[in-house]
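**Student:** coordinates only, sequence not included:
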């Protein structure tokens, strides 16, 4: 990247089964992805339109098993707050403002691994994973599915979980319900201005 190193790297397929990064690996996967990308409404629409066009093309060529590679570069933001709050007069507990906050400032995204066709070997792989590996009731959550459901699932997960909708922000706080049945409701502060 032109302005520094990538701090987080994700390989996202839109599936859940066996989609966690290995210990010590620099590349994280779907189950490790918890904070959506914060883009403007215009940028989000542009990215989703391009991903839709690209994945429809791949689907028309019988391609599946591709990933969205996401690189996150963190920036350091200075805070204007220099507050020290005492919880009570008889307590030694204090609440202090951070002098700096480190948060995502730049994203690098693109589709990778675009050479795998849906063929008999992938059909057999899917059957084997369903029979021996997958203990879930929803077989569509394994990575290996035909091109049409693969593309549809990929785009749904990208638009629902990866790139959030700015309209969901209420009063500076983003509240999201993750699409995973076990995911909990999360809230995070958003910052529109880089210091």
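**Tutor:** Received it, and whenever you're ready, just let me know what you need. Since we're looking at a predicted model, the values are computed, not measured.

**Student:** which residue ranges of the protein form strands?
**Tutor:** For the chain, applying DSSP state E gives strands covering 8-12, 27-29, 67-78, 84-86, 94-96, 100-112, 169-170, 173-176, 186-189.

**Student:** how far out from the middle of the chain is the second one?
**Tutor:** Strand 27-29 has its average C-alpha position 10 Å from the chain's average C-alpha position, going by C-alpha atoms, centre = their mean, to the nearest Å.

**Student:** so what strands line up beside it?
**Tutor:** strand 8-12 (parallel) (DSSP bridges).

**Student:** contacts only, for the residue nearest in space to the middle of the chain.
**Tutor:** Among the residues of the chain, the one closest to the centroid is residue 162, at 3.7 Å (C-alpha atoms, centre = their mean). Residues in contact with residue 162, defined by C-beta atoms under 8 Å, 6 or more residues apart in numbering, are 12, 33, 36, 37, 68, 70. For the C-beta atoms, the positions are set from N, CA and C on the backbone; glycine is no exception.

**Student:** returning to what we had before: of the strands of the chain, which is nearest residue 146?
**Tutor:** strand 67-78 (16.9 Å; C-beta to C-beta).

**Student:** could you pick out the longest helix of this structure?
**Tutor:** Assignment by DSSP state H gives helix 41-60 as the longest helix of the chain.

**Student:** so what does it touch, helix or strand wise?
**Tutor:** strand 100-112, helix 147-157 (3 or more C-beta pairs under 8 Å, 6 or more residues apart in numbering; DSSP states H and E).

**Student:** is it correct that residue 103 is in contact with residue 72?
**Tutor:** No. Counting by C-beta atoms under 8 Å, residue 103 does not reach residue 72; the two are 9.7 Å apart.

**Student:** returning to what we had before: now render the helices and strands packed on helix 41-60 as CSV, adding distance to residue 63 and mean neighbour count.
**Tutor:** Listed next are these as CSV, based on distance: least, C-beta to C-beta, whole Å; neighbours: other C-beta atoms under 10 Å:
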stretch, distance to residue 63, mean neighbour count
strand 100-112, 10, 14
helix 147-157, 6, 18
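
**Student:** can I get the ones you listed in TSV with distance to residue 17?
**Tutor:** Shown next, in TSV, are those (distance: least, C-beta to C-beta, whole Å):
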stretch	distance to residue 17
strand 100-112	20
helix 147-157	12
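
**Student:** give me the contacts around stretch 126-133.
**Tutor:** Contacts of stretch 126-133 (C-beta under 8 Å, 6+ apart): 17, 18, 139, 142, 144, 145.

**Student:** list the contacts for the residue nearest to residue 100 when sequence neighbours are not counted?
**Tutor:** Leaving aside its chain neighbours, residue 100 sits nearest to residue 76 (5.2 Å; criterion: C-beta to C-beta, 6 or more residues apart in numbering). Each residue near residue 76 by C-beta under 8 Å, 6+ apart is listed here: 100, 101, 102.

**Student:** many thanks, we can stop here.
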